[in-house]
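Asker: dropping a prediction and its sequence here:
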Amino acid sequence: MASLWTFILIGSVIYLFWLNRKVAEAANVHAKRQSEQLQVQLMSVACSKRRFGFLKSGKPGVKSEFIFEFSSDGENAYQGILIMENEYLKSVVIPPHKI
């Protein structure tokens, strides 16, 4: 019985790691897409918040907030925020920046 719980625990850890990687890769794609739409240079993407819970659809999942840095002129850096549920983008906050 102890080995069954060990397999369940190991499987859960692997699944959560896989889910976190999937969300991070989706955030990177969304940040690149936002940078292309804004016609700015993407500098970095980092996770600032992540929590597990129930999504608005009622299903369990990951709610995440990613910060992406971009530059419009090569000298100044700005930080936008991607708010995601699992790998789906819910909203984007983009600060005022030079064009």
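Answerer: Looks like it came in fine. Quick caveat, the model's predicted, so the values are computed rather than measured.

Asker: list the buried ones in stretch 45-56?
Answerer: By 16 or more other C-beta atoms under 10 Å, the buried positions in stretch 45-56 come out as Val45. For every residue, glycine as well, the C-beta is placed using N, CA and C.

Asker: what is the burial count for Lys22?
Answerer: 13 (other C-beta atoms under 10 Å).

Asker: quick check, Asp73 in contact with Gln39.
Answerer: No. Asp73 is beyond contact range of Gln39, at 11.5 Å (criterion: C-beta atoms under 8 Å).

Asker: more crowded one of those two?
Answerer: Legend: neighbour count by other C-beta under 10 Å for Asp73 and Gln39, higher for Asp73 (11 against 8).

Asker: helix, strand or coil for that one?
Answerer: Put simply, Asp73 is coil when judged by DSSP: H, G, I helix; E, B strand; the rest coil.

Asker: per-residue pLDDT, it?
Answerer: For Asp73, the pLDDT comes out at 86.

Asker: check the one 4 residues further on too.
Answerer: Confidence at Ala77, expressed as pLDDT, is 90.

Asker: repeat that for the one 10 residues further on.
Answerer: For Glu87, the model assigns a pLDDT of 89.

Asker: contact partners for the nearest residue to it once chain neighbours are set aside?
Answerer: Using C-beta to C-beta, 6 or more residues apart in numbering and skipping the chain neighbours, the partner closest in space to Glu87 is Ala26 (3.5 Å). Going by C-beta atoms under 8 Å, 6 or more residues apart in numbering, Ala26 touches 84, 86-89.

Asker: check this protein for its longest strand and report it.
Answerer: In the chain, with assignment by DSSP state E, the single longest strand is strand 41-54.

Asker: what about that strand, distance to the chain center?
Answerer: Remark: strand 41-54 is offset 4 Å from the chain centroid, using C-alpha atoms, centre = their mean, to the nearest Å.

Asker: which strands and helices sit next to that strand?
Answerer: helix 2-38, strand 60-71 (3 or more C-beta pairs under 8 Å, 6 or more residues apart in numbering; DSSP states H and E).
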